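Visitor: Return atomic coordinates for the entry below.
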Amino acid sequence: MTSQPKLAVVIPTLNEAANISIVLDRLRGSLDPLHIPYELIVVDDDSGDGIDAIVHEISRSDPRVKLLIRVGKRGLAGAVIHGWEATNAEVLGVIDADLQHPPELLPKLWEALQSGADAAVASRYAPQGSLKNWSKWRHFISLTSIWITLPLQRPGISVKDPMSGFFLVRRAAIDGIELQKQGFKILLEILVRGKLKSVLEVPFAFGHRHAGESKAGLKVAVDYFVLLARLWWKR
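Guide: Numbering: from 1, shown residues only. I've put the predicted structure just below:
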């Protein structure tokens with residue numbers, strides 16, 4: 001019997017203490033029935049909001065839950081890479097801590113990888129995906145940001161939601177690639193530069209933030225355009 005590959009899901013956090021225990025409970029509830037080896041890695045950017053005590057308490061009864069704290073650093077991409085570097089898992093993933101990404105979708109993402117895909121993306125824009133709670137303006141900005149990426153995406157693996165922050169990828173697909181640690185859109189760089197032969201999108205309905213505040217702002221936009229410029233340069 002072939003052993004299952006190990007999965008590591010990184011949950012990057014900044015001021016998400018009000019959400020983290022719910023996220024971890026739902027993640028474990030979704031993954032346990034799969035009977036696969038996994039770990040959940042919370043990477044916190046030194047929030048100072050008590051999240052460390054919450055995660056440490058959970059990890060005392062479940063050593064699959066781990067906490068890494070980055071001091072003096074900010075940025076989702078860097079936090080995700082930091083978590084991936086701290087695990088030996090063959091399959092790497094990321095999910096937001098605000099519950100806008102449903103943890104219950106993980107079994108479908110895992111199934112997509114087991115079917116042979118190199119990456120599985122939770123997609124708001126795949127058929128049956130949705131963004132019901134977004135304003136028309138926010139939706140327009142999102143679609144425009146995706147449209148800009150189309151010339152960068154490789155033929156045969158074009159993805160409808162390359163900005164998704166919820167996905168799984170095989171470690172072999174990014175081994176040896178130095179990913180940009182600044183910014184928030186790490187999936188786009190993986191799609192453009194990764195050693196991917198196939199990518200599957202799994203539709204989902206983007207939810208409401210459970211608690212806390214969005215990290216979107218001017219810096220996120222600036223980092224995104226810096227990433228685009230870097231990817232164009234390295235084409």
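Visitor: could you pull out the helices for the protein?
Guide: Listed in chain order, the helices of the chain (DSSP state H) span 17-31, 51-61, 76-85, 106-114, 136-149, 186-193, 218-233.
Visitor: Please point out which parts of stretch 85-104 sit buried.
Guide: For stretch 85-104, a neighbour-count test (16 or more other C-beta atoms under 10 Å) marks 87, 89, 91-103 as buried. C-beta here means a position set from N, CA and C on the backbone, and glycine is covered the same way.
Visitor: Okay, and the beta partners of the residue nearest to the spatial centre of the chain?
Guide: When the chain is reduced to its mean C-alpha position, the nearest residue by C-alpha atoms, centre = their mean turns out to be Val94, at 2.9 Å. With DSSP bridges applied, the residues forming beta bridges to Val94 are Val10, Phe167.
Visitor: and the residue lying closest to Gly50 once chain neighbours are set aside, what does it touch?
Guide: Leaving aside its sequence neighbours, Gly50 sits nearest to Ala17 (C-beta to C-beta, 6 or more residues apart in numbering; 5.0 Å). The contact partners of Ala17, by C-beta atoms under 8 Å, 6 or more residues apart in numbering, come to Ser47, Asp49, Gly50, Ile51, Ile54.
Visitor: Tell me the spacing between Ala17 and Gly194.
Guide: Separation of Ala17 from Gly194 (C-beta to C-beta, to the nearest Å): 33 Å.
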